[in-house]
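1. Okay, predicted coordinates and the sequence, questions at the end:
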2 protein chains.
Amino acid sequence: MARRAKARRPCCFVRALVVAGIVASEEVVLQCCMKIRPATDADADAIWKIFHEVVADGDTYALDPNISREDALAYWFGPGTHTYVAEQPAKGIDGTYILRPNQSGGGSHVANAGFMVSANARRQGMGRAMADHCLSEARRLGFRAMQFNYVISTNTAAIRLWQDLGFEIVGTLPDAFHHSEKGYADVYVMYRSLLV
Amino acid sequence: MARRAKARRPCCFVRALVVAGIVASEEVVLQCCMKIRPATDADADAIWKIFHEVVADGDTYALDPNISREDALAYWFGPGTHTYVAEQPAKGIDGTYILRPNQSGGGSHVANAGFMVSANARRQGMGRAMADHCLSEARRLGFRAMQFNYVISTNTAAIRLWQDLGFEIVGTLPDAFHHSEKGYADVYVMYRSLLV
């Protein structure tokens, strides 16, 4: 973990490829090198580090910014939840996502997912790579659709990504989130079929 | 509980008032006589009986129809959840509802609620009485709005009631519920401000 925490940038090899003009951007290499796999108990420390960082920020998830490590991991590894991590060579785990039924009983054919990327790994395509992986996994597990229940309207980067991946805004919850700087903000419900 | 289970109709006194033309309908008396109060552990049997009956039906809640008593009560008495029961003289507890924050953190100012009425007490105004009580309690607890995340479009009686109480459909989830007889059905997200 200590080594990962210090590695704030792409490795020298990746930067050298970009500088030499061999690849167009660090993002291209990072996506090729990235490995997304099911999480294990051994990943708990790395996941908690990302989770804490994202939730403490308080502006993208409606979760208690002071949530404990125990409660966070119980949520992220909850019953019926598939938990994944994304790791890169020389950097370790910098992203994680969950995939689960959004409801039980007659609503269990619709998936829900949540994504978290550490601050030092953003804008490198990790969110898109995990989302692609997630949609593939959801289809493999037999889900017919995917729903995001709570996309805060100020999180424009996420909204653009979800729309680019075929999600539509199917509902708007007025003033449903209180942003620490921007005050009350609308929240979107986003949905896409997995049958097409 | 045995006595309550046998009491399938309004008591003789209520029926006598209606027959005598003193009141317009049984519903008027039942609403006057009804008491809604916070639930206690002693209400667990009565709540489970209603819960099991409603969920086993499988067509109004996206919950596992085979949910255990333990899981059902853990859900209905969950952390941060306010649980209430509605009871009538000579009948006992025939309705229950929960009120809780719909989200944590920056979303905790929006309430969520769930209502259940036993089959033998339906169409007597119990749902409306509990909803009125719930809206009043939500305001008292400082919530700014209330949201229903999952109103199945085939549940037309509930939709009419929520609209009558000021809720609007703010989102439509296509085919998000699988109805045992009607197949895939849309689900509505309904919302109302508590500030007006």
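-> Received it, and whenever you're ready, just let me know what you need.

2. so how many other residues sit close to the residue in chain A that chain B sits nearest to?
-> Distance from chain B to each residue of chain A (CB to the nearest CB) is smallest for residue A:171, at 1.8 Å. The C-beta positions use only the backbone N, C-alpha and C, and glycine is treated the same way. Residues near residue A:171, counting by other CB atoms under 10 Å in any protein chain shown, number 23.

3. how much space between it and residue A:68?
-> From residue A:171 across to residue A:68, the span is 31 Å (CB to CB, to the nearest Å).

4. Which residue lies nearest the spatial centre of chain A?
-> residue A:115 (1.8 Å; CA atoms, centre = their mean).

5. these two touch, right, it and residue A:97?
-> Yes. Contact criterion CB atoms under 8 Å: residue A:115 and residue A:97 qualify, at 4.5 Å.

6. any idea which element the residue nearest to residue A:179 when sequence neighbours are not counted lies in?
-> Among residues not flanking residue A:179 along the chain, residue A:185 sits closest, at 4.9 Å (CB to CB, 6 or more residues apart in numbering or on different chains). Taking DSSP states H and E as the criterion, residue A:185 maps to strand A:183-193.

7. tell me which residues in that strand are buried?
-> Using 16 or more other CB atoms under 10 Å in any protein chain shown as the test for burial, strand A:183-193 gives A:185, A:186, A:187, A:188, A:189, A:190, A:191, A:192.

8. Bridged to the residue of chain A closest to chain B, which residues?
-> residue A:189, residue B:171 (DSSP bridges).

9. ok, now how distant is it from residue A:191?
-> 8 Å.

10. Can you pull the residues that touch both of these two?
-> residue B:173 (CB atoms under 8 Å, 6 or more residues apart in numbering or on different chains).

11. one step back: just to check, the residue nearest to residue A:179 is in contact with residue A:175?
-> Yes. In this structure, residue A:185 is within contact of residue A:175 by CB under 8 Å, at 7.0 Å.

12. what residues does stretch A:130-150 touch?
-> By CB under 8 Å, 6+ apart, stretch A:130-150 touches A:36, A:61-62, A:82, A:84, A:86, A:95, A:97, A:99, A:101-102, A:109-113, A:115, A:117, A:161-162, A:165, A:167, A:176-177, A:187-195, B:103, B:107, B:149, B:173-176.

13. what about residue A:33, neighbour count?
-> 16.

14. quick one: pLDDT of it?
-> Per-residue pLDDT puts residue A:33 at 75.

15. Ok, residue A:44 next?
-> Taking residue A:44 on its own, its pLDDT is 98.

16. so what's it up against?
-> residue A:73.

17. Which of the three states applies to it?
-> Counting by DSSP: H, G, I helix; E, B strand; the rest coil, the backbone at residue A:44 sits in helix.

18. buried sites along whatever helix or strand residue A:53 lives in?
-> Element membership of residue A:53, judged by DSSP H and E, is helix A:44-57. For helix A:44-57, burial by neighbour count (16+ other CB under 10 Å) applies to A:44, A:46, A:47, A:48, A:49, A:50, A:51, A:52, A:54, A:55.

19. Repeat that for stretch A:135-142.
-> A:135, A:137, A:138.

20. helix/strand/coil for the first one?
-> The local conformation at residue A:135, judged by three-state DSSP, is helix.

21. number of nearby residues for the closest residue to residue A:54 other than its chain neighbours?
-> Of all residues beyond its chain neighbours, the one nearest residue A:54 is residue A:116 (4.6 Å), with distances taken as CB to CB, 6+ apart. Around residue A:116 there are 23 other residues, counting by other CB under 10 Å.

22. Could you do the one 5 residues further on as well?
-> A total of 24 residues lie near residue A:121 under the criterion other CB under 10 Å.

23. Then residue A:149?
-> 22.

24. The one 4 residues further on too?
-> For residue A:153, the neighbour count with other CB under 10 Å is 17.

25. what does residue A:195 give?
-> 9.

26. Tell me how far it lies from residue B:44.
-> From residue A:195 to residue B:44 the distance is 42 Å (CB to CB).

27. go on, residue A:186?
-> On the measure of CB to CB, residue A:186 and residue B:44 end up 39 Å apart.

28. now do residue A:114
-> 33 Å.

29. For stretch A:66-85, report the contacting residues that lie outside it.
-> So stretch A:66-85 is contacted by A:36-39, A:43-44, A:46-48, A:51-52, A:55-56, A:63, A:93, A:95-101, A:130, A:133-134, A:137, A:141, B:104 (CB under 8 Å, 6+ apart).

30. interface residues of chain A facing chain B?
-> Residues of chain A lying close to chain B by CB under 8 Å from any CB of the partner chain are A:55, A:58-59, A:61-65, A:67, A:102-110, A:144-145, A:147, A:149-150, A:152, A:170-180, A:187, A:189, A:191, A:193.
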